[in-house]
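[1] Mind looking at a prediction? Sequence and model below.
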Amino acid sequence: MISTKTNQKRESWDGVIKPVHGWFNINFKEIIQYWSLILLFVRRDFVVFYKQTILGPMWYIIQPIFNTLVFTLIFGKVAKIPTDGIPPFIFYLSGTVVWAYFASCLNQTGRTFVANSEIFGKVYFPRITVPISIAITAVFQFLIQFTIFLVFFFYFWYSGTDIKPNMYVLTLPLIVIHMAILSVGMGLIISASTTNRI
């Protein structure tokens with residue numbers, strides 16, 4: 001009896017896992033503690049993406065330009081939908097870049113629990129770290145494609161087209177954060193419902 005009591009006293013726990021109740025109980029301190037794991041997931045997502053495509057990072061550049069050309073041809077030339085004086089290429093490129101970020105976060109987050117089921121079953125870590133890493137990885141994709149948008153924007157601007165940036169450009173970081181939260185939230189709902197069906 002004495003030996004078991006002394007063994008129990010010697011045991012010390014680094015952390016205690018407790019169930020979380022409620023909608024907004026997010027442990028931000030725990031997320032910060034696992035920041036290195038988030039960066040590891042970001043690196044993993046980059047490596048996996050580059051290995052799956054022949055073109056590698058060039059796909060980030062080719063995809064929005066190709067989609068914009070298709071939209072410009074169909075909606076601008078065939079359907080002749082007006083763009084209120086904005087060049088159709090710039091108009092559709094801006095929508096393509098924003099939608100690509102939202103769709104990338106939504107699609108990858110929607111497969112979170114299925115794609116990472118083996119990791120989730122072996123070791124404990126905050127499950128929210130995986131969707132956060134997906135959103136960060138998609139931000140790099142967004143920055144590359146937004147740079148392409150800026151190149152074409154300034155090209156049309158210097159060529160004499162009547163387009164001017166306004167003060168709403170300063171809200172772009174808030175819009176990106178809003179899209180990340182919305183897409184990750186919707187993706188987690190889809191991922192949870194898909195997991196229940198398996």
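    All right, it came through fine.

[2] For the spatially most central residue of the chain, give me phi and psi.
    Nearest to the geometric centre of the chain sits A135, at 2.7 Å (Cα atoms, centre = their mean). Backbone torsions of A135, given as degrees, to the nearest 10, read phi -60, psi -40.

[3] Tell me how far it lies from K164.
    According to Cβ to Cβ, to the nearest Å, A135 and K164 sit 31 Å apart. The C-beta positions use only the backbone N, C-alpha and C, and glycine is treated the same way.

[4] same check, this time on T171
    Note on T171: its distance to K164, by Cβ to Cβ, is 16 Å.

[5] Which of these two has more residues huddled nearby?
    The neighbour comparison of T171 against K164 (other Cβ atoms under 10 Å) goes to T171, with 10 against 6.

[6] now the more buried one, what's its secondary structure?
    Following DSSP: H, G, I helix; E, B strand; the rest coil, T171 is assigned to helix.

[7] Read off the pLDDT value for it.
    For T171, the pLDDT comes out at 87.

[8] ok, now the one 4 residues further on?
    I175 is assigned 87 on the pLDDT scale.

[9] List the contacts of it.
    The neighbours of I175, taking Cβ atoms under 8 Å, 6 or more residues apart in numbering as the test, are V98.

[10] Worst mean pLDDT across the helices and strands of the protein, which element?
    For the chain, using mean pLDDT, DSSP states H and E, the weakest element among its helices and strands is helix 2-10, scoring a mean of 50.

[11] what's downstream of that one, the next helix or strand?
    Tracing the chain C-terminally past helix 2-10 and defining elements by DSSP states H and E, one meets helix 28-33 next.

[12] After that following helix, which helix or strand is next?
    helix 35-52.

[13] List the buried residues for that following helix?
    With burial defined by 16 or more other Cβ atoms under 10 Å, the residues of helix 35-52 counted as buried are 37-38, 41-42, 45, 49.

[14] what does stretch 186-197 give?
    187-188, 190-191.

[15] And the furthest pair within those residues?
    Spanning the widest gap among those are L188 and I190, at 7.3 Å by Cβ to Cβ.

[16] shared neighbours, these two?
    Listed as contacting both L188 and I190 by Cβ under 8 Å, 6+ apart are T109.

[17] so where's this structure shaky on pLDDT?
    1-25, 49-57, 195-198 (pLDDT under 70).

[18] same thing but 90
    Scanning the chain for pLDDT under 90 picks out 1-64, 75-88, 90-91, 94-95, 104-145, 153-173, 175-177, 179-181, 183-198.
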